[in-house]
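1. Sequence and predicted model, in that order:
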Amino acid sequence: MKNFKNIGLWVGILAVILIGIWPIMSRNPSSRESTSVILQSIVLAASLNVLLGFTGYVSFGHVVFFGLGGYVGTYLLSAQGWPLWIAAPAGGLASGILAFLLGKAILRLRGAYFALATIGINEAMRAFVNNFGPFGGPIGMTLKFKIYNNYGGANQALWIAYYGVFTLAILAILLNFFVKNSKFGLGLMAIREDEDAAEVMGVATPNAKTWAYVLSAILPGIVGALFFFKNGNIEPGDAFRLNYSIEMLVMVMLGGQGSVLGPVLGAAGYQGLRGTLLTSPIFKNIQLSVAGILLLLIVLFIPAGAVGWLRRRFPRLRRFLP
Amino acid sequence: MGNIFLASLIDGLLIGFVYGIAAMGLSLIWGVMDVINLAHGPIIALGMFGVFLLFNSIGLNPYISLIIIALVGLLGGMLIYYIAIHRVLTAPPLSTLLATYAVNMIIIGLGTAAFSTTPRNVNFSLGSLGSGMITVQGTRLVAAALSTIITGGLYFFLYRTRPGKNIRAVANNRAAAELMGIPSDRVLALSFGLGTLLAAVAGGLISTFFPFTILAGGAYELKSFVIVVMGGLGNPIGALLGGLILGVMEGLIPLVLPNTWVPVLEFLLFVVILLVRPYGLFGAKK
C-alpha cells in the first residue's frame, strides 16, 4: 500500500483528471471531442511507454494493436451483436493475444531490427485485413445506426465512449506507475540498460519482454474498439495508419520516455500543438513540416523530453514528477 | 499461359532493377552508419518531382535530368546529414529513427503544400519492343540498363577508389578508421549523400513509367526495407538481387492470387527473413 502514499502517483492521476473533467462539467460536445483525442493519445502513449520507456524496445508499428482492437470490437458489435462493454475488452484481449504470440519471436531482435519488424507486422496486418472477407476487406465495416439505440441514442453513445476513454487514461497511468515501481519493472529497466547483464543477473528476459509487450498492447486494443465504435466505421487505412504509431513515439519522446507523467504531458502538448497548427491560417498548409522541425529540435537538443529535462534541471521536483 | 508467364516475369525483372537501386541507397546508409533512413521515401518522391518539373518546364529529357537530380541528391543528403544526423549518431537507435522521420515530415509537409497530392505523370515514352503478348516498354528497358550501370559504378567506387575504400573502412570500424587518418565525419556525410543520390535517381527512373504523388515514395521505402533485409546490409549486389527477387514476386504472384495479396506475402517474407536470417539471404553472419 506504500505505493498509494507516493505523491507522484497522485500527480499523474490529477493531471489526467484535470484534462478530462472539463467537458463533463461543460457538457460541450466540441470540447468533448478535442479532449477525447488527447485522452486517447494518453492511453496510447502511456502504453507504448511500458515497452519504449521502461524496456527500451522501439515499436514503430504499435498502431497494429489499436487497429486490431478496433476491428475485433467493430466486428463483435456489428456482426455478432455483442454489447460494447464486452466487445471493447475483447478487442483489448485480441491485441494482447497477438502481442503474446508475436512477442517471443520478434523480441529476439534488437534495436533497429525490432523496429523494422514491427513496421513489417503492421503492414502485413493491414494488407491481410484488406483481403479478409469477414472484416469487410478494403471497404471495412460500418456500424448500423440503430446499434446506438442500445446505448440511449447516438449522443449518449458518444458520452459513453468518452467516459470509457477517460477511465482507460487513468488505468494507463496506474499501469505505468505500478510497472515502474514493481520488481517486474525493475527487471525491464535492467533490460533497457544492458540486456545481457540483466540476463546474467537473473532477469528472465524473454518472459519479461513478452509481458511488457502484452501489457503495452491491451489498452491500445480497448481504446481502438472505443474509437471505432464512436467513429461508426472502420477501414484498413484508418486502422493501421503507420503515421499514427510514429505520432505515439513523438508524444512519448516529447513528454519524456520512461517517466509516468511524460506520456500525459507529451500527449496533451502534441495534440494541443497539432490543433493550433491545423487551425492557424499561416501554418495550416505546412503543419506537418512545422511539427517535423519541432520533433527534430527535440531529438537533437532535449532527448530526455520535458519531464526528463525538468527532473535534471530541478532535482527538488523529482518527488513530484514520477 | 506460357506467354503471360514470360511477360510477367520480364516486367517484374525490369522493375526489380529499379527497386534494387532504391534499396541500395537505404542499404548504404544503414550499413555504413547504422542509421535507418526514414526519409528515404520522400527523397524518392523528390526525385520523381525533379524529373517532372524539369520535363514540364523546360522539356528536359528525363535521362539528362537524372544527372542534375543526382548532384542535388548528393548535396542535399550531405546537408541532411550535417543538420539532422550528425548530432545523434551515437545516441540510441530511436534518436536517429526519429531524426530521419522528422526530415520525412518536413519534406512531406512542404511537398504537399507545393505540389498537392493529385497524381502526376511524366508524359515521356520511348515506344516499346517485342510483339504479341510480350511487349516491353522502352523506358523500362532503359531504366533497367541504367540501374545495372549504376550498380556497377557503385561497386567500382566502393571497392576500387580511395573515397569508396574510406567508406568501407568507416563502416567496418569507425574508431580504427579514424586512427588511420580517415576523416570519418566527411566520409559519413558522403555516404549519406550517396544514399540519397541513389534514392533520388531511383525515383527519377520510376517517374518515367508510373504516375506518382508526393506520398508515393512511402510504398517504395517499404519495398526497400524488404529488399535490404533480403540482400544484407551495405552490399550493392545483394540489394540488386533482392530487388530482382521482389520484382519477380510482384510479377508472378498476381498470376495465382488476387493482386491485393502481394503486399501480404511481401511483408510476411520480410518478417520471416528478419527472424531467421537478419544478416540477409546473401550476407555472411556478422
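-> Yep, it's here.
2. Helices of chain A, residue ranges please.
-> A:7-26, A:29-49, A:63-78, A:84-106, A:112-131, A:153-180, A:183-193, A:195-200, A:205-231, A:236-239, A:242-255, A:262-279, A:287-301, A:305-313 (DSSP state H).
3. Kindly reformat these as JSON lines and extend each row with mean pLDDT.
-> What follows is those, written out as JSON lines (pLDDT from 0 to 100):
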{"stretch": "helix A:7-26", "mean pLDDT": "87"}
{"stretch": "helix A:29-49", "mean pLDDT": "92"}
{"stretch": "helix A:63-78", "mean pLDDT": "94"}
{"stretch": "helix A:84-106", "mean pLDDT": "92"}
{"stretch": "helix A:112-131", "mean pLDDT": "88"}
{"stretch": "helix A:153-180", "mean pLDDT": "92"}
{"stretch": "helix A:183-193", "mean pLDDT": "92"}
{"stretch": "helix A:195-200", "mean pLDDT": "91"}
{"stretch": "helix A:205-231", "mean pLDDT": "94"}
{"stretch": "helix A:236-239", "mean pLDDT": "90"}
{"stretch": "helix A:242-255", "mean pLDDT": "86"}
{"stretch": "helix A:262-279", "mean pLDDT": "87"}
{"stretch": "helix A:287-301", "mean pLDDT": "85"}
{"stretch": "helix A:305-313", "mean pLDDT": "84"}
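4. Quick check: which of those helices has the most neighbours on average?
-> Most buried of these, by mean neighbour count (mean count of other C-beta atoms under 10 Å in any protein chain shown): helix A:63-78, with a mean of 28. For every residue, glycine as well, the C-beta is placed using N, CA and C.
5. touching chain B at all, it?
-> No: applying C-beta under 8 Å from any C-beta of the partner chain, one finds helix A:63-78 separated from chain B by no less than 11.4 Å.
6. Please compute how far that helix lies from its chain's middle.
-> 14 Å (C-alpha atoms, centre = their mean, to the nearest Å).
7. mind listing what the residue lying closest to residue A:71 once chain neighbours are set aside touches?
-> Leaving aside its chain neighbours, residue A:71 sits nearest to residue A:135 (5.4 Å; criterion: C-beta to C-beta, 6 or more residues apart in numbering or on different chains). Applying C-beta atoms under 8 Å, 6 or more residues apart in numbering or on different chains, we find residue A:135 in contact with A:71, A:75, A:129, A:141.
8. Contacts only, for the first one.
-> Contact analysis of residue A:71 by C-beta under 8 Å, 6+ apart lists A:91, A:129, A:135, A:141, A:224, A:228, A:234, A:239.
9. for the residues you listed, which one is nearest chain B?
-> residue A:129 (9.4 Å; C-beta to the nearest C-beta).
10. Backbone torsions only: list them for residue B:128.
-> Per-residue torsions, residue B:128: phi -140, psi 160 (degrees, to the nearest 10).
11. What is the neighbour count of the closest residue to residue B:73 other than its chain neighbours?
-> If the residues on either side of it in the chain are set aside, residue B:73 comes closest to residue B:200, at 3.5 Å by C-beta to C-beta, 6+ apart. As a burial measure, residue B:200 scores 30 neighbours (other C-beta atoms under 10 Å in any protein chain shown).
12. Which helix or which strand is home to residue B:200?
-> helix B:184-207 (DSSP states H and E).
13. Residue A:269: which of the contacts of residue A:135 is nearest?
-> Closest approach between these and residue A:269, by C-beta to C-beta: residue A:71, at 29.8 Å.
14. pLDDT-wise, which helix or strand of chain B ranks last?
-> In chain B, the helix or strand scored least confidently by mean pLDDT, DSSP states H and E is strand B:128-131, which has a mean of 74.
15. check contacts around residue 213.
-> You didn't say which chain, so I picked chain A. Here residue A:213 is in contact with A:51, A:57, A:59, A:99-100, A:102-103, A:107 (criterion: C-beta under 8 Å, 6+ apart).
16. Switch to chain B, please.
-> Residue B:213 neighbours (C-beta under 8 Å, 6+ apart): B:45, B:115, B:117-120.
17. which of these are buried?
-> B:45, B:120 (16 or more other C-beta atoms under 10 Å in any protein chain shown).
18. Looking at the contacts of residue B:213, which gets the smallest pLDDT?
-> Lowest pLDDT of the contacts of residue B:213: residue B:117, 83.
19. Tell me the spacing between it and residue B:218.
-> Applying C-beta to C-beta, to the nearest Å, the value for residue B:117 to residue B:218 is 12 Å.
20. Excluding sequence neighbours, find me the nearest residue to residue 107.
-> Since no chain was named, I'll use chain A. In space, residue A:107 is closest to residue A:209, 4.4 Å off (C-beta to C-beta, 6+ apart).
21. sorry, should have said chain B
-> Nearest non-adjacent residue to residue B:107 (C-beta to C-beta, 6+ apart): residue B:42, at 3.9 Å.
22. about what we covered before: the residue nearest to residue A:107 against residue A:57, yeah?
-> Yes: between residue A:209 and residue A:57 there is a contact under C-beta atoms under 8 Å: 7.0 Å.
23. contacting residues around residue 187?
-> No chain in the question, so chain A it is. A:198, A:203-205, A:208.
24. not what I meant, chain B
-> B:163, B:166-167, B:169-170, B:177.
25. hang on, isn't residue A:246 packed against residue A:59?
-> No: using C-beta under 8 Å as the test, residue A:246 is too far from residue A:59 to be in contact (10.6 Å).
26. Identify the single longest helix in chain B, thanks.
-> helix B:2-33.
27. now it, how far from the centre of its chain.
-> 9 Å.
28. Not including adjacent chain positions, what is the nearest residue to residue A:184?
-> residue A:208 (6.7 Å).
29. Surely the one you found is in contact with residue A:185?
-> No: the criterion here is C-beta under 8 Å, and residue A:208 misses it with residue A:185 at 9.5 Å.
30. related to what we said a few turns ago, can you list the helices and strands that the longest helix of chain B packs against?
-> helix B:40-58, strand B:134-137, helix B:138-160, helix B:162-172, helix B:184-207, helix B:217-231, helix B:236-256 (3 or more C-beta pairs under 8 Å, 6 or more residues apart in numbering or on different chains; DSSP states H and E).
31. for the very next helix or strand once past the last one, what is the average pLDDT?
-> Stepping forward along the backbone from helix B:236-256, the first helix or strand reached (DSSP H and E) is helix B:261-276. Over the span of helix B:261-276, the pLDDT mean works out to 84.
32. What angle do helix B:236-256 and helix B:261-276 make with each other?
-> Relative orientation of helix B:261-276 versus helix B:236-256 (axes from the mean of the first three to the mean of the last three C-alpha atoms, to 10 degrees): 140 degrees.
33. which residue sits closest to the residue positioned nearest the centre of chain A, ignoring its sequence neighbours?
-> For chain A, the residue nearest the mean C-alpha position is residue A:44 (0.8 Å; C-alpha atoms, centre = their mean). Here the nearest residue to residue A:44 in space, its sequence neighbours aside, is residue A:248; by C-beta to C-beta, 6+ apart that works out to 4.9 Å.
34. do you know how far the one you found is from residue A:82?
-> Taking C-beta to C-beta, one finds residue A:248 at 28 Å from residue A:82.
35. Ok, which of the helices and strands packed on helix B:2-33 comes nearest residue B:278?
-> That would be helix B:217-231 among the helices and strands packed on helix B:2-33, by C-beta to C-beta, at 7.3 Å.
36. Check the offset of that closest one from the chain's centre.
-> 8 Å.
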